[in-house]
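In: below: sequence and its predicted model.
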Amino acid sequence: MTRPLSHIRVLDLTRVLAGPWAAQNLADLGAEVIKIERPGTGDDTRAWGPPWWHDGDGNETRESAYFLSVNRGKKSVTLDLSKPVGQRIARDLAAKSDVLIENYKVGTLTRYGLGYEDIRAINPGIIYCSVTGFGQDGPYASRPGYDFIFQGMGGLMSITGERDGQPGGGPQKVGIAITDVLTGMYASLAITAAITARQTSGAGQYIETALLDTIVAFGANQILNYWCSGNVPPRFGNAHANIVPYEAFPTSDGHIILAVGNDGQYASFCRVAGRPELIEDPRFLTNPDRVKHREVLVPIVREIMRTRTRQEWIAALEAAGVPCGPIDNYAEVFENEQVRHRGLRVDIPGPLGAVPTVASPMRFSATPVQYDLPPPLLGEHTREVLAGVLGMKDPELDALASQRVI
């Protein structure tokens, strides 16, 4: 079945997470994604294990879980870009591609003759997306950076973690590399927008995405709280800065999330809790009242929640239309009947047996995501791509292999 980007070829010069995440999104949408990797080693994340995948016979492979998580749907081509002949082959591939994504240090690809101006000269329609830590310009442009650094520098850790003075208080990073993932999402959105723009203009363009820019933009609602009030947002742990009660509460046998988002839900909660008098308490009548008096209300709610089990609360609150939920680990996530119904685990057949992947959350009625290619083995498609796209013959490919270019 034709997918939205089945007419698009992407040259993927990225590694680790942000760039590969963007390229995987495009592959999910049907694009042919050619992933260029260093001969012998490949993407850095191929070595980021354990854990490693076990093949269909239960044997441990050298395919890392990290690499598998962000590289489905791609073709792996090994190519040494530090060598002139490797650079020439990359330019030839770019000339026959619609999109190029790269996340090299600023200036590196220009030195290789693979910068935007170099590629635009041979392919005016190219959509060229650069992913960097700090951007292409500015005093920090040449600095390297990882997700953890940006979670701190971009403000996220200043609002994440338990409140100062509380047990476990202090800054805390998010448990996934959220800056990388979000940057990949913005990059893939920008690329698809540029593809649409090209349909009208006929011209490609240059796109820049930076991890620092992304994580600052991600904090917009907290930043507006600061700009509107003049007060720097503190950490609230599992609580919400603008809604009360809206946090994790201990029950008699574990924690649940109680997310009372409006006054009607608050009234329903109070009735379920057997405390109707709290509905008309002037301190708690409206959400602004409850936010103002959170230090009074939250301890009351905490004591109420301890009187029943987690499942008793969830059943009663769901029946009353009060948003709530468990705090599941990943084993429990994939035992959840809704997760199973939505098919959020997909197993893709491949040379190492069926490889699991987390399904794309994008659902299309007419052009659904398909899972045809598992994450590739290093260099698995080198000869196929160079022969099919560039018309190279076996003697030339053999010579390149002997020179360790591919």
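Out: Cool, the structure landed.

In: domain map for the chain?
Out: Dividing the chain into domains by automatic domain parsing, as the record does, gives the ranges 9-218+340-402, 246-327.

In: how long is stretch 200-220 from one end to the other?
Out: Distance across stretch 200-220, first residue to last, is 32 Å (CA to CA, to the nearest Å).

In: what's the mean pLDDT across it?
Out: Stretch 200-220 shows a mean pLDDT of 97.

In: list of residues touching that stretch?
Out: Contacts to stretch 200-220, defined as CB atoms under 8 Å, 6 or more residues apart in numbering, come from residues 18, 116, 120, 123-136, 140, 145, 147, 150-151, 153-156, 159, 178-180, 182-183, 186-187, 190-191, 194, 197-198, 223. Glycine gets a C-beta too; all of them are placed from N, C-alpha and C.

In: out of these, which sit inside strands?
Out: Among these, the ones falling in strands (DSSP state E) are 127-132.

In: and those, which are buried?
Out: Burial by neighbour count, judged by 16 or more other CB atoms under 10 Å, picks out 127-132 from the ones in strands among the contacts of stretch 200-220.

In: farthest-separated two in the residues you listed?
Out: Farthest pair in these (CB to CB) is I127 and T132. Separation: 16.9 Å.

In: mind telling me what element L100 is part of?
Out: strand 99-102 (DSSP states H and E).

In: most distant residue from the middle of the chain?
Out: Centroid-distance maximum for the chain: E277 at 44.5 Å, with CA atoms, centre = their mean.

In: that one: what secondary structure?
Out: The three-state label given to E277 by DSSP: H, G, I helix; E, B strand; the rest coil is helix.

In: how about it, nearest residue that isn't a chain neighbour?
Out: Leaving out its chain neighbours, the residue that sits closest to E277 by CB to CB, 6 or more residues apart in numbering is C270, at 7.9 Å.

In: picking up where we left off before, okay, the residue farthest from the centre of the chain and A319: tell me how far apart.
Out: For E277, the distance to A319 equals 22 Å [CB to CB, to the nearest Å].

In: returning to what we had before: of the ones in strands among the contacts of stretch 200-220, closest to F364?
Out: Comparing those against F364 with CB to CB picks out I127 as the nearest, at 21.7 Å.

In: can you give me the pLDDT of the closest one?
Out: Here the pLDDT value assigned to I127 is 98.

In: now do D28
Out: Reported pLDDT for D28: 97.

In: now swap in G379 and tell me
Out: pLDDT, G379: 97.

In: that one against R38, yeah?
Out: No: using CB atoms under 8 Å, G379 and R38 do not qualify as a contacting pair, with a distance of 9.9 Å.

In: now do the shared contacts for those two.
Out: Common neighbours of G379 and R38 (criterion: CB under 8 Å, 6+ apart): T78.

In: still on that earlier bit, send me the following helix or strand past the strand holding L100 as CSV with only the CA atoms.
Out: From strand 99-102 onward toward the C-terminus, using DSSP H and E, the following helix or strand is helix 108-111. What follows is helix 108-111, C-alpha atoms only, in CSV (Å, rounded to 0.1, in the frame of the first residue of the first chain):
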residue,chain,number,x,y,z
THR,A,108,32.5,19.1,9.4
LEU,A,109,30.4,18.2,6.3
THR,A,110,31.4,21.5,4.7
ARG,A,111,35.0,20.4,4.9
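
In: check contacts around Y128.
Out: Going by CB under 8 Å, 6+ apart, Y128 touches 99-100, 102, 116, 119-120, 204-207.

In: run through the bridge partners of it.
Out: Applying DSSP bridges to Y128 gives these bridge partners: L100, Y206.

In: what's the neighbour count on the nearest residue to G30 once chain neighbours are set aside?
Out: Distances taken as CB to CB, 6+ apart place R3 nearest to G30, at 2.7 Å, with adjacent residues excluded. When neighbours are counted by other CB atoms under 10 Å, R3 registers 19.

In: can you give me the pLDDT of R3?
Out: 93.

In: does it touch T367 like I think?
Out: Yes: between R3 and T367 there is a contact under CB under 8 Å: 4.9 Å.

In: list residues touching both of the two?
Out: What both R3 and T367 touch, as defined by CB under 8 Å, 6+ apart, is the set G30.

In: now render the contacts of Y128 as TSV, adding neighbour count.
Out: Below are the contacts of Y128 laid out as TSV (neighbours: other CB atoms under 10 Å):
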residue	neighbour count
V99	28
L100	27
E102	22
Y116	21
I119	24
R120	17
G204	22
Q205	17
Y206	16
I207	19
